[in-house]
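the sequence and its predicted three-dimensional model are supplied below.
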Amino acid sequence: MFDLQTLDKYKPIDDKMYQVMDKDGKVIIKNWKTGLSEDDLVQAYKDLLFERTADQMAISYQRQGRMFTYPPNLGQEAIHIASGKVIKAEDWLVPAFRELGAWLAKGVSLWEIFLYFKGHEDGSKFLNAARMLPVSVPIASQLLHAVGLAYAMKYKGEEAAVFGYVGDGGTSEGDFHEALNFAAVWDVPVVFVVQNNQFAISVPLKMQTRSKNLALKGLAYDVDSVLVDGNDFLAMHDVLAFAREHVLKKKRPFLIEARTYRRGAHTTSDDPTKYRSKEEEEHWAELDPAARLQSYLVSKKLWDPKDEEALIAGYKKFIDSEFDKAEAYPDYKLEDVFGFMYQEMPVELKRQMNNYQNFMNLEGAQK
Amino acid sequence: MKVMNMVQAITDGLDLMLTEDKNVVVYGEDVGVEGGVFRVTEGLQVKHGAGRVFDSPLAESGIAGTALGMAVAGMRPVIEMQFDGFVFPAMNQIISHVARFRNRTRGKFSVPMVIRIPYGGGINALEHHSESPEAYFGHTPGLKVVIPSTPYDAKGLLIAAIEDPDPVIYLEPKRIYRAIKQEVPEEKYSIEIGKAKVVNYGEHITVVAYGAMIREVQKAIVLAKEKGISVELIDLRTIWPIDRDTIRESLRKTGRLLVVTEAPQSYGPAAEIISIATEEAFLSLEAPPTRLTGFDTVIPLPLGEKYYMLTPPRIFHEIEKLVRY
Ligand SMILES: Cc1ncc(C[n+]2csc(CCOP(=O)(O)OP(=O)(O)O)c2C)c(N)n1
Ligand SMILES: [Mg+2]
């Protein structure tokens, strides 16, 4: 469990990282207890396997030319699954673009994600995730939206927290700093989750900041902050659960630096061999979040790895069927280009749309 | 001479200027070790050192604002915005300072810097990776805005931009980065900023375009030729300061104008060009100057891009309508 005393013990200024498990899944904190039931823990591991399988399949769809650019999640799933367990239906999720498991937990359908990365705006509708913003590509810009949502929750007297995500690279943008400062000055319930996966495309963290860690950045704004092992599901869950309670009770922001590693490419158009070593990749592979959670569950006799193959085979079938749904989605229509620019389409836009349609209707004209 | 695509021609121009002028530095996101996401700065860090070609933190306002400081102190920074859609965080620096410093200080300080931006659609990209933001820059007094359409022009215009005493926005039509190969001189040459080029001579109609649209218009010209229509094509190459003379001379001859831009229509470059045409060649006009542009919509994600992107048949259709007017 993570509480105020723990927060006090893990001071970012001392560069201390909160960790529950070692790399072999052994609990290293004396008398530690989880806030999750055994069923929850097993389900978390299954969710993690699901995210990982869906992610791998997304990459292979992309390779087959059935989807465009896609940002892989491999290695960062513990953060996403722990988020999914903590974020409640009334809370807001404000994504960047690399939090697949958290989106799914919030109610996003996999076929919507596939549709989005196939290149259709309808994939951003998230029909079953009312309190989730769309993917935000302009780095760190979304954190200000998170602060605005948190202000609104407080203003309306709703007991709801906002979870805003950003990467390590994103902490260099001005918007990141403005968001922290606004949140602190306005006393609003927002949890900033910084997924420090060590790289911003090819640029390593040491070229991004001279801070010892990214949790430190919260302190200057008087935002309570902690550095956590992002590959340790148990630690991530502890901290996120604490953060949610903390921001709601205190109406204050909270910052989590989740230290992790992007084991895959930045996106499917990227080649990481250009900028990092095999040794480094192997080092982080040993800290993989799935293996650690699995070891923990096995040691508690909650899981038998023999069951995994069949489970994953079932996931693959389901994932394929979700991809089929995305592929069977109605063709992109001209109205899809124009129809959502304004509540009411201005005459000038109608004119432009009709002009195009008239051209397409022309007989004999080469198209 | 060496056969190069546009990426190689720009790399070559950067390499040449880095070699020739110690004041030139090149920086931005992923431009160092990675050599840029489009590989435009590939090999330059190894050759010129990490003190001159380097990665910056991920912050476009920071990149543009620091470049101003360097430029004021006599350096020649060439900065990269990774994609068109990511120049926006830098707009405050560009509009409020970069474009105005000379005027504000009555010439005491100038800002000789180049902002390179891969731009435009047609590459099946995620959102914010396909924008055509040239109007914002053309509309900002104090900037020059250059857009090459060939490897040869890319190198010559880049060198001119780096040597220019004022800030230059250098937009790179990424869709044709590797689509056109051409003989490019290995030595230094520059192309005058502010001068358009007639890339196809013709009698019946003038088409004005720039960047990736040049190639599309050229394909439309082939269709027109089959129908006996002779098209004069002007590649603007610089959208500000704009070359009135070339537009006027061509219109005096053809009397008909079509402007083709990928950028959205309203308040865009096409409107500017058409205004100039009516001011300069009103009495020669035989048909209403017309524009074929992107829609006034967000450029769609890949599955919808086919509607937005201008095709040779659509361009030809407008050409034919104007000639038959
Ligand atoms: C404002 C802005 N600038 C540049 C980019 C291009 N870009 C996309 S992802 C990325 C790196 C992001 O790094 P980080 O914040 O660490 O997130 P990660 O990709 O590692 O999850 C960059 C530079 C962008 N999307 N937005
Ligand atoms: Mg990162």
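On my side now, so go ahead. Numbering: from 1, shown residues only, chains lettered A, B, ... in the order given. Ligands and ions are numbered 1, 2, ... in the order given.

from here on, just use CA atoms for contacts and neighbour counts.
OK.

wait, what's in contact with the residue of the stretch 201-325 of chain B found nearest ligand 2?
Distances between the stretch 201-325 of chain B and ligand 2 by Cα to the ion are smallest at residue B:301, namely 24.3 Å. Residues near residue B:301 by Cα atoms under 8 Å, 6 or more residues apart in numbering or on different chains: A:119-121, B:124-127.

any idea how far residue A:351 is from it?
Computed as Cα to Cα, to the nearest Å, the residue B:301 to residue A:351 distance reads 22 Å.

could you do residue B:315 as well?
Between residue B:315 and residue A:351 the distance is 18 Å, computed by Cα to Cα.

so which residues of the stretch 151-300 of chain A form helices?
Secondary structure of the stretch 151-300 of chain A (DSSP state H, counting those that start in this stretch): helices at A:174-186, A:216-219, A:233-250, A:278-285, A:289-299.

which one of these lies closest to residue B:181?
Closest to residue B:181 of the helices of the stretch 151-300 of chain A, according to Cα to Cα: helix A:278-285, at 35.9 Å.

show residues contacting the closest one.
Outside of helix A:278-285, the residues within contact range by Cα under 8 Å, 6+ apart are A:75, A:261, A:263.

swap in 10 Å and give it another go.
A:75, A:231, A:260-264, A:272-273, A:288, A:291 (Cα atoms under 10 Å, 6 or more residues apart in numbering or on different chains).

for ligand 2, see how far away residue B:157 is.
To ligand 2, residue B:157 is 35 Å away according to Cα to the ion, to the nearest Å.

I'd guess that residue is in a helix, am I close?
Yes: assessed with DSSP: H, G, I helix; E, B strand; the rest coil, residue B:157 lies in a helix.

what sits against it?
Going by Cα under 10 Å, 6+ apart, residue B:157 touches B:10, B:13, B:146-148, B:151, B:163, B:170, B:189-193, B:237-238.

residues in contact with the nearest residue to residue B:312 once chain neighbours are set aside?
Spatial nearest neighbour of residue B:312, chain neighbours left out: residue B:220 (4.5 Å); criterion: Cα to Cα, 6 or more residues apart in numbering or on different chains. When contacts are counted by Cα under 10 Å, 6+ apart, residue B:220 touches B:214, B:231, B:311-319.

and residue B:220, which helix or strand is it part of?
Take DSSP states H and E as the rule and residue B:220 turns out to sit in helix B:213-226.

got the angle between the helix or strand following that helix and helix B:213-226?
For helix B:213-226, the succeeding helix or strand toward the C-terminus, using DSSP H and E, is strand B:231-235. When axes from the mean of the first three to the mean of the last three Cα atoms, to 10 degrees is applied, the directions of strand B:231-235 and helix B:213-226 differ by 170 degrees.

elements contacting strand B:231-235?
Applying 3 or more Cα pairs under 10 Å, 6 or more residues apart in numbering or on different chains; DSSP states H and E, one finds that strand B:231-235 contacts strand B:197-200, strand B:205-209, helix B:213-226, helix B:244-254, strand B:257-264.

JSON lines for the helices of the stretch 151-300 of chain A, including mean pLDDT, distance to ligand 2 and mean neighbour count?
As requested, the helices of the stretch 151-300 of chain A are exported to JSON lines (pLDDT from 0 to 100; distance: least, Cα to the ion, whole Å; neighbours: other Cα atoms under 10 Å in any protein chain shown):
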{"stretch": "helix A:174-186", "mean pLDDT": "98", "distance to ligand 2": "14", "mean neighbour count": "20"}
{"stretch": "helix A:216-219", "mean pLDDT": "98", "distance to ligand 2": "16", "mean neighbour count": "21"}
{"stretch": "helix A:233-250", "mean pLDDT": "98", "distance to ligand 2": "18", "mean neighbour count": "22"}
{"stretch": "helix A:278-285", "mean pLDDT": "98", "distance to ligand 2": "14", "mean neighbour count": "12"}
{"stretch": "helix A:289-299", "mean pLDDT": "98", "distance to ligand 2": "17", "mean neighbour count": "21"}
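
I'd like the ones you listed as JSON lines, with distance to residue B:90 appended.
Formatted as JSON lines, the helices of the stretch 151-300 of chain A follow (distance: least, Cα to Cα, whole Å):
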{"stretch": "helix A:174-186", "distance to residue B:90": "10"}
{"stretch": "helix A:216-219", "distance to residue B:90": "22"}
{"stretch": "helix A:233-250", "distance to residue B:90": "33"}
{"stretch": "helix A:278-285", "distance to residue B:90": "34"}
{"stretch": "helix A:289-299", "distance to residue B:90": "37"}
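
nearest to chain B among the contacts of helix A:278-285?
Of all these, residue A:272 has the smallest distance to chain B: 9.2 Å, by Cα to the nearest Cα.
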